[in-house]
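J.: Okay, here's the prediction I keep looking at, along with the sequence it came from:
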Amino acid sequence: MTTQTPRPALASRRQLLGAGGALLLATFWPTPRQGRAQGASVPASTAPEQGLLVENAQGAFAPNAYIRIATDNRITLILPNVEMGQGIYTSSVMLIAEELGIDMAQVEIEAAPPGGGAEITGGSTSVMTEWLPLRQAGAAARSMLVQAAAMRWQVPVAECTTRSATIIHVPTGRSLPFGAVAAQAATLPVPQNPTLKDPATYTLLGKPQHRIDSAVKVQGRAIFGMDVQVPGQKIGTVAACPVVGGTLAGMNKAAALAIRGVQAVLVNTANNTVCVVADHYWAARKGLRALKPQWHDGPNAHVTTQTIYDQLHDGLNGPAIVANTKGDAPAIIAHAAATHTATYQQPLLAHATMEPINCTAHVRPDGCDIWTGTQIADRARDTAVELTGLPKDKVNVHCQYIGGGFGRRLEHEYVTQCVEFARQVPHPLKIIWSREEDLTHDRYRPAYVDQMTAALDSKGFITALTHRIVGPAVVARWDPPELTKDGYDEDLSVATVITPYTYPAYRLEFARREAPGVVTAWWRGVGGTRGLFVVEGFIDELAHRAGADPVAYRRAMLAQNPRALAVLDKAAQAAGWNTPLPPGRARGVAVQFAFGSYMASIAEVEMPEPDNVIIHRVTAVVDCGRVLNPDQVISQIEGGLIFGFSAALYNEITLEGGRVQQSNFNTWRVMRMNEAPCKIDVLLMPSTEDPGGIGEVGTAAAAPVLANAMAAAQGRRYRTLPLLSPRNGADHKEQG
Amino acid sequence: MLSLNINGQSHQVDVDPDTPLLWVLRDVLGMNATKFGCGIAQCGACTVHMDGRAVRACNLPVGLIGEQRISTLEGLNPTDPVTKAVQDAWVALDVVQCGYCQPGQIMAAIALLRAVPHPTDEQIDSAMSANLCRCGTYVRIRAALHHAAGALA
């Protein structure tokens, strides 16, 4: 199918990279930034502690935004994307270290501040966008260091090599540590197009490297936003109106202030949120209970889950935007001898990151510091600039390790909230949301209803396909300029327009329906997770209807797509697709192209009862182009699948009286170890293509591969998420 | 004033006795390895040891602890054979992703291996299912526990 026209701003990065990978890899060449106000230096004699974040690294040699080398040979790499589990700090260090000529163990790391890092960390784009610039940064720095050493020795540059942050003059064996020539290197011009290594000579890239954050994380020493301790800080916890659009009606301030340890009760009338500030979280929590805020529920007081689903199903009829078209699919369907139609439904989903939402801010007349985990540090800074009126350079955002992102921390409303409250107090304020606040005031993955209709030839293959998506346009709120002039959100093209399949005729329609009473947002896998459940479920239905083997049916549709065909064939072989199964077991398959990567997955399940699914084994074959750190690709697929299985089986945010009904892990079920797949085999295809994204690939596959296996096990389709929803029983008669 | 024995040291803390141990550790004593995840003993991020047993600090009122000895992740002796085997296995297999739940996972794993030196998959699932991981590192946690048990053999 066609790809979209390049657009400059945030959201297009996701879609474009999903579409092809290389479109946005134009080199940007950041300049060295100024040091920041905060952060203490580690004494030079201290060996770098791998994985602990430093701040405000200095170095005589600072050739670009990413590299600082001090005269004592301390090397700090300033990493543009944030680490939220996806292993990007490790990959980023590998990219720079490979070209710079240093060992990974020699590196200290720093999280880039706003303006000095990536615009966002999301959409599985980090490796795709940093693949070239980080190598170029390393290569440019190396070339300057070598040149400085060669000048000192008065030898040709070509006689010098580098190893472990040392320049070696090969003919004489003389050597100099990088730090010894750092000052001199800094005086040289920065090469704009440094020569990059031949990938055949890579010593780090493509070879499994341990995560640089493993040790500090298993020792409990990694600092997450939740762990920040600023001298003099107080702890606040908040309650926002439980119904979106409602207002504060009253509260018992005296009762809250009577709780031991409570220091203040703060109100934000603009956002209808109250905050109790105390010496520690428990006092704040008790204070909030005593405060008993009362609410006027406002215009969304009557919203229920059914309100939202009714609105979505209503959108299946009537006008819609034509988002993509090829041939005259509706006419072919109208005259076809055989057609097949199915309607799919997906629920609102919460992110439920393990680290509940939190932010620490210190607002002073002359500056503002913010410590938090964010996937979008620029917006975190900008909201503080807007609220405080301070100039940009007086607002510092200190990015911490993120205890789970999944798109939740692409929102910055919790930073806005924290700064608003912190302005009201003289001390640093750490705001911690309770898990209940986190789940009931998330910005949710939208609910959607999709309907697909295919015209079929005599063998049951698609001659024309129409697909209508009904749901919100997340981008319209999140990055309004990215909504097309027709009102389309291009995120919806993933797995629909951007697909490994080729359809003879096609029409994608979008009927926009913004859910009342909820704020919708990005969620791991974005359009890929949304679309793949529908499309791979529907194709599976068509295979069954045709009496064809689901792998063979897909193979026939992938004849023009060798990379997709290769992952499918390898997955079928590795999973033993054509071998008999033990009694009671069934397999399902899914194929995908999203985030620039191909994957085929096969799940083997057993269902002793209709509501009990044992996932015995999942096999996934990935072609994500050149693999930087193989074990971390495997890790992301394993984890992404489990994250997706958890949602696919169990999760649905429901509303009653405008209030979200799920509030903690007793009502928001997360897959536990005893429910996780017994075995996940991930195989990687060798490739020299540019790297694709990987953080969301597994999650996108989870629902379709599991639904297709469950359909095979039960002999009926699963068209509604969560899969264990009783609504799937109603689908029984729809079996094609 | 309450007296608590934490990591072999006596701490006097001036809080209400209903205060959960988690918040005394984190906000009063500044010991941040033990994480807040849910507050209702559903996720295990706050797992600590009380007299060697894995317990949830988020709903353990400090007033009920008395003389019982509390150990947190930062207080473990890194050269203790079980602690070392578990932490080494976690690093060798690169179990962690975001890492926020892992202090609790490590504490649960150490308690398990002290009680059952060579656990089966079933015993691992049973002991570790109280600890949630949103990143989905369960497959590696299972493997790392076997790895650690092997190193202790």
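T.: Okay, I see it. Numbering: from 1, shown residues only, chains lettered A, B, ... in the order given.
J.: If I look at residue 45, what pLDDT would I see?
T.: Using chain A here. Per-residue confidence (pLDDT) for A:S45: 41.
J.: not quite, I wanted chain B
T.: On the pLDDT scale, B:A45 gets 98.
J.: Would you enumerate the residues in contact with it?
T.: Each residue near B:A45 by CB atoms under 8 Å, 6 or more residues apart in numbering or on different chains is listed here: A:354, B:34-38, B:100-101, B:103-104, B:131-132. (C-beta placed from N, C-alpha, C; glycine too.)
J.: same question, A:E159
T.: A:150, A:169-171.
J.: Just give me the closest of these to A:D369.
T.: Of all these, A:D369 sits closest to A:A150, with 43.1 Å by CB to CB.
J.: in terms of contact, does the closest one touch A:T162 like I think?
T.: No. Using CB atoms under 8 Å, A:A150 makes no contact with A:T162, being 11.5 Å away.
J.: Now do the domain split for the chain, please.
T.: No chain was given, so I picked chain A. Annotated domains of chain A cover A:31-208, A:225-298+A:357-432, A:305-348+A:444-734 [automatic domain parsing].
J.: Please refer instead to chain B.
T.: Taken from automatic domain parsing, chain B resolves into B:2-75, B:81-152.
J.: which one is the spatially most central residue of chain B nearest to, not counting chain neighbours?
T.: In chain B, the C-alpha nearest the mean C-alpha coordinate belongs to B:M107, at 2.6 Å (CA atoms, centre = their mean). Computed as CB to CB, 6 or more residues apart in numbering or on different chains, the closest residue to B:M107 that is not its neighbour in sequence is B:T47, at 4.2 Å.
J.: Make sure B:H147 is indeed in a strand.
T.: No. With DSSP: H, G, I helix; E, B strand; the rest coil as the criterion, B:H147 is assigned helix and is not in a strand.
J.: I'd like to know how many residues surround it.
T.: Counted with other CB atoms under 10 Å in any protein chain shown, the neighbours of B:H147 add up to 19.
J.: how about the nearest residue to it, chain neighbours excluded?
T.: B:H147 sits nearest to B:A89 (CB to CB, 6+ apart), 4.1 Å away.
J.: returning to what we had before: hang on, the residue nearest to the centre of chain B packs against B:C46?
T.: No. Using CB under 8 Å, B:M107 is not in contact with B:C46, being 9.1 Å away.
J.: Residue of the stretch 451-600 of chain A nearest chain B, please.
T.: A:R524 (9.8 Å; CB to the nearest CB).
J.: now the stretch 151-300 of chain A
T.: For the stretch 151-300 of chain A, CB to the nearest CB, closest residue to chain B: A:G220, 2.7 Å.
J.: low-confidence ranges in chain B?
T.: The model of chain B has no residue with pLDDT under 70.
J.: what about the residue nearest to the centre of chain B, distance to B:V86?
T.: To B:V86, B:M107 is 9 Å away according to CB to CB, to the nearest Å.
J.: before we move on, what about A:N674?
T.: 20 Å.
J.: between these two, who's got more neighbours?
T.: Neighbours per residue, other CB under 10 Å: of A:N674 and B:V86, the larger number sits with B:V86, 29 against 13.
J.: these two touch, right, the more buried one and B:R114?
T.: No. Between B:V86 and B:R114 there is no contact under CB under 8 Å: 10.0 Å.
J.: my guess is the residue nearest to B:H147 contacts B:I141, does it?
T.: No. If you go by CB under 8 Å, B:A89 and B:I141 don't touch, sitting 9.6 Å apart.
J.: Could you say which one of the domains of chain A comes nearest to B:Q12?
T.: domain A:225-298+A:357-432 (15.4 Å).
J.: any low-confidence regions in the stretch 301-450 of chain A?
T.: Looking at the stretch 301-450 of chain A by pLDDT under 70, you get an empty list.
J.: What ranges does it have for its strands?
T.: A:321-326, A:338-346, A:358-364, A:367-372, A:395-399, A:429-432, A:448-456 (DSSP state E, counting those that start in this stretch).
J.: Can you tell me which helices and strands the last one packs against?
T.: Using 3 or more CB pairs under 8 Å, 6 or more residues apart in numbering or on different chains; DSSP states H and E, the elements in contact with strand A:448-456 are helix A:305-314, helix A:329-334, strand A:338-346, strand A:462-471, helix A:526-545.
J.: Reformat those as a markdown table; add mean neighbour count and distance to A:Q375.
T.: Compiled in a markdown table, the helices and strands packed on strand A:448-456 are given as follows (neighbours: other CB atoms under 10 Å in any protein chain shown; distance: least, CB to CB, whole Å):
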| stretch | mean neighbour count | distance to A:Q375 |
| --- | --- | --- |
| helix A:305-314 | 17 | 26 |
| helix A:329-334 | 17 | 38 |
| strand A:338-346 | 19 | 23 |
| strand A:462-471 | 24 | 23 |
| helix A:526-545 | 26 | 13 |
